[in-house]
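Asks: for reference, the sequence and a predicted model appear below.
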Amino acid sequence: MNKKVVLVGNQNVGKTSLFNLLSGANQKTGNYPGVTVSKKSGSFKIDHLSIELIDLPGIANLNPTSLDEELVLNYLLTEDLSDALVLFVASAIDLKNSLYLFSQVKDLGFSTALAINFEDQAVKKGIKIDTEKLSENLKCPVILFSARKNSGIKKIHELIKQDIPVKKLPVNYTKSEDQWENYQSFIKELNETNDKKLKRQEAILRHQAIEKWLKNAVTISKSDATDITSSLDKLFLHPFFGYVIFATILLLIFQSVFWIASFPMDWIDLGMGNLIEMSREALPKGMLSDLISDGLLTGIAGVVIFIPQIAILFFFFGLLEETGYMSRAVFLMDKVMEKVGMNGKSVVPLISSFACAVPSIMATRTIANQKERLITILVAPLITCSARIPVYTVIIYVIIPEESFLGFGLQGLMLFAMYLLGVITTFIAAWVFKKIIKTKYKKFFIIPMPDYLVPNFKNIGYNVWNNTKSFVLNAGKIIVAVTIIIFLLQSYGNQRYQQAEQIVLTDNSIPDEQKERAINKIKSENSYLAAIGQTIEPVIRPLGYDWKMGIGVLASIAAREVFVGTMLVVYGSEEDLEDEKYISQIFAKQTHARTGKKAYNFATGLSLLLFYAFSLQCMSTIAVTYKETQSLKWTAIQFIYMTGLAYIAALIAYQLLK
Amino acid sequence: MNLSKQVIGKRLKITSITNEEVTTRLSELGMFEGAIIKKLNQAPFSGPTLIQYNEFKLALRFDEASQISTEIYE
């Protein structure tokens, strides 16, 4: 036996917590077709009944003022829910507000039940809810539960097993009985005509009815308990200290994503390195061994390495959402972020982008407004991530002298300037996208402010688990595939590539200890990747790069930091050098393949810095953008605008300075 | 005085709302002219206004809060 259960409710009523408690780790996240609004479904069993659980985005009412609300309404009006249960999740703290949407949803004519969350909070606040009387008034089953305390879940299971008859509530605000009978088509019409007078008429009648329904069912005894939320808000929303606290929280998250994550990342690096080494030794030498060790396993290592940062970021996001602090961040940052088309919630992903854009793009899924989420995704990779640091430092060492200006080292100032450039460009790009991307709806202006709550760590755990899993399974596939393609392009080449060993081994002028490096150099210059590098040389020539640098630029599509290692191989040097100063000396010695002058002078160096600042040289970011937007169009737009910007900036810099 | 300029911490009575869209949205939340609300906070630099109506706390953007006329309710 199967049954579909759809969760509907306002924002901040703990709908997602209930969804997590019911479906546990059996969740699927995706997007609604064509839009950046995430869709969640889960499955679980009660006895022999298989339940398909759908979590719809939290909304204010059925008169949409945002894309999420339109999606929910469309879902309810078009999906076949004749055998489904609409489980309405309400808040015991402001039941009045919840019942508005509840009465609208119930009028749509589905089998509906009411589950009221925050039972424990209500008791503390002296709110008593008589579920029997309320059930009588609302003509449907009513139960109380607490997602945070994990209580009342059994009652919800019992509810789901029942067959609940469809009954309408008597608030006819339409013009005729006929319209009332066909309420679904009426509400469709009402939203098309946007008859504000009729909507206000509805509001008045519904609120009158809600007063009546609650009268004998809910009693509020004024409790002596002080309002902790208001006291905390005096501090957290303080015009000065509020921002100090927010900055401190951001710093803490940034440090964790950057520093704490580096430990497990080092272990993964070491472990996967050993595994790759072992597979090389265990498998018979040959193409298959290379494909498994250097293609497949290296690709998997490239996926697993992101897990610590993603998990840590989602942990903090869960914590901020669960405690209710996230709404305060929105309140504090709204004015600034609104100007560039983003949201207070965008601040946390953007800060995390300093470590890596991949977890931060994933974290945007908590931004409900689709335009704001899309803009945050599009601009996040412009922030200077940690993969750019090796490229920046080596090139800055080459082109900027080790001198100081007003007591500041010039090289340090240049690195700082690159960071600043990233931040400024992020805001400009966001502002441009705000002007370009059209939406039907004006930005919401009502931000609900939930009470502060002690978080439920089990719920945060599910969040971390499900998001990490979806990254590994979705974006992971693309990352592994691209790694294998790049590996294949690097391990096959022209005749000279195939004869590299022979050429070097028979050349007695090369000392034995340098033979391996010489072989690698010949291979790197004659692989198919190098052939592509040579083909695109006319394109990168105006930027001041030669075809050798072209190989580095191409190879670093895998990840930006690959540039340094690839260039070292091309220059016939050891591959895994650690000392950036020493590497920069090798770079400084190279001559340009076309001009014969220094390959890394101030003009080409700055051109490279700007190219790496703006271009989307990161297949993991591309993969995760595709996963989050589910749109080839937006993935392409992101790649094209960033690479275009990179090309133009590098071109101008080189042509002016050469 | 419009809501965004009102003093923090005072109970206020909504006397009029000049924008029809705002009127409709607030009426859906049960806030009609004459409703008693409390202003809890005001973000700096023309940021949002935080208010409380019954048990419900919500923030309104500066533009919208500016269109709500209020008087201090003793």
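Replies: Thanks, I have the structure now. Numbering: from 1, shown residues only, chains lettered A, B, ... in the order given.
Asks: how about residue A:361, what does it touch?
Replies: A:349, A:377, A:380-381, A:621, A:624-625, A:628 (Cβ atoms under 8 Å, 6 or more residues apart in numbering or on different chains). The way it works is simple: take the backbone N, C-alpha and C, and place the C-beta from them, glycine included.
Asks: can you name the residues that contact residue 24?
Replies: Assuming you mean chain A. Contact partners of residue A:24, counting by Cβ under 8 Å, 6+ apart, are A:42, A:44, A:462.
Asks: correction: the question concerned chain B.
Replies: Contacts of residue B:24 by Cβ under 8 Å, 6+ apart are A:196, A:199-200, A:203.
Asks: quick one: residues in contact with stretch A:277-295.
Replies: Here stretch A:277-295 has contacts from A:276, A:297, A:483-484, A:487-488, A:491, using Cβ under 8 Å, 6+ apart.
Asks: I'd like the average pLDDT over it.
Replies: Averaged over stretch A:277-295, pLDDT sits at 86.
Asks: and it, what's buried?
Replies: For stretch A:277-295, burial by neighbour count (16 or more other Cβ atoms under 10 Å in any protein chain shown) applies to A:291-295.
Asks: do stretch A:491-500 as well
Replies: A:491-493, A:497, A:500.
Asks: if we can go back for a sec, out of the contacts of stretch A:277-295, the closest to chain B would be?
Replies: residue A:483 (45.8 Å; Cβ to the nearest Cβ).
Asks: which non-adjacent residue is nearest that closest one?
Replies: Leaving aside its sequence neighbours, residue A:483 sits nearest to residue A:299 (Cβ to Cβ, 6 or more residues apart in numbering or on different chains; 3.3 Å).
Asks: point out where the stretch 101-250 of chain A drops to low pLDDT.
Replies: A:170-171, A:222-226 (pLDDT under 70).
Asks: up against chain B, what does it have?
Replies: Counting by Cβ under 8 Å from any Cβ of the partner chain, the residues of the stretch 101-250 of chain A lying close to chain B are A:125, A:196, A:199-200, A:203-204, A:207, A:210, A:229-230, A:233-234, A:237, A:239.
Asks: now do the contacts for the residue nearest to residue A:483.
Replies: The contact partners of residue A:299, taken as Cβ under 8 Å, 6+ apart, are A:479-484, A:487.
Asks: what kind of secondary structure is it in?
Replies: helix (DSSP: H, G, I helix; E, B strand; the rest coil).
Asks: who touches the helix or strand residue A:505 falls within?
Replies: Taking DSSP states H and E as the criterion, residue A:505 maps to helix A:500-506. By Cβ under 8 Å, 6+ apart, the residues outside helix A:500-506 that reach it are A:496, A:510, A:515, A:518-519, A:522-523, A:526.
Asks: buried among those? Need that as a selection in ChimeraX.
Replies: Typed into ChimeraX, the line below selects the buried ones among the contacts of helix A:500-506, using 16+ other Cβ under 10 Å:
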select /A:518,519,522,523,526
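Asks: between the contacts of helix A:500-506, which is nearest chain B?
Replies: residue A:523 (59.2 Å).
Asks: once you drop chain neighbours, what's closest to that closest one?
Replies: Residue A:523 sits nearest to residue A:500 (Cβ to Cβ, 6+ apart), 5.0 Å away.
Asks: could the contacts of residue A:299 be laid out in JSON lines, adding pLDDT and neighbour count?
Replies: Converted to JSON lines, those look like this (pLDDT from 0 to 100; neighbours: other Cβ atoms under 10 Å in any protein chain shown):
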{"residue": "A:479", "pLDDT": "85", "neighbour count": "25"}
{"residue": "A:480", "pLDDT": "88", "neighbour count": "20"}
{"residue": "A:481", "pLDDT": "87", "neighbour count": "14"}
{"residue": "A:482", "pLDDT": "85", "neighbour count": "18"}
{"residue": "A:483", "pLDDT": "85", "neighbour count": "24"}
{"residue": "A:484", "pLDDT": "88", "neighbour count": "16"}
{"residue": "A:487", "pLDDT": "87", "neighbour count": "20"}
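Asks: if we can go back for a sec, now, the contacts of residue A:24 that are in strands?
Replies: A:42, A:44 (DSSP state E).
Asks: from the contacts of residue A:24, pick the one nearest chain B.
Replies: Within the contacts of residue A:24, proximity to chain B (Cβ to the nearest Cβ) peaks at residue A:462, which comes in at 27.2 Å.
Asks: quick one: the closest one and residue A:20 touch, right?
Replies: Yes: using Cβ atoms under 8 Å as the test, residue A:462 is close enough to residue A:20 to be in contact (4.3 Å).
Asks: quick one on the thing from earlier: so which of the buried residues of stretch A:277-295 sit within helices?
Replies: Per DSSP state H, helices hold no members of the buried residues of stretch A:277-295.
Asks: got these as TSV, with distance to residue A:160 columns?
Replies: Listed next are those as TSV, based on distance: Cβ to Cβ, whole Å:
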residue	distance to residue A:160
A:291	49
A:292	47
A:293	50
A:294	51
A:295	47
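Asks: and the spatially closest residue to residue B:12 that is not a sequence neighbour, bridged to which residues?
Replies: Distances taken as Cβ to Cβ, 6+ apart place residue B:70 nearest to residue B:12, at 4.1 Å, with adjacent residues excluded. Residue B:70 forms beta bridges with residue B:14, as assigned by DSSP bridges.
Asks: in the chain, which spans are strands?
Replies: Picked chain A for this. A:2-9, A:27-31, A:38-46, A:49-55, A:85-91, A:111-117, A:127-129, A:142-144, A:218-220, A:404-405, A:408-409, A:446-448.
Asks: wait, I meant chain B there
Replies: B:11-17, B:36-42, B:49-53, B:56-60, B:68-72.
Asks: and which of the contacts of residue A:361 is nearest chain B?
Replies: Closest to chain B, out of all of these and judged by Cβ to the nearest Cβ, is residue A:349, at 20.9 Å.
Asks: give me the neighbour count for that closest one.
Replies: For residue A:349, the neighbour count with other Cβ atoms under 10 Å in any protein chain shown is 27.
Asks: I figured it hits residue A:363, correct?
Replies: Yes: the pair residue A:349 / residue A:363 is scored as a contact, 4.6 Å apart, by Cβ under 8 Å.
Asks: tell me who's in contact with residue 21.
Replies: This is for chain A. Neighbouring residues of residue A:21 by Cβ under 8 Å, 6+ apart: A:147, A:150, A:153, A:458-459.
Asks: nope, chain B please
Replies: Going by Cβ under 8 Å, 6+ apart, residue B:21 touches residue A:196.
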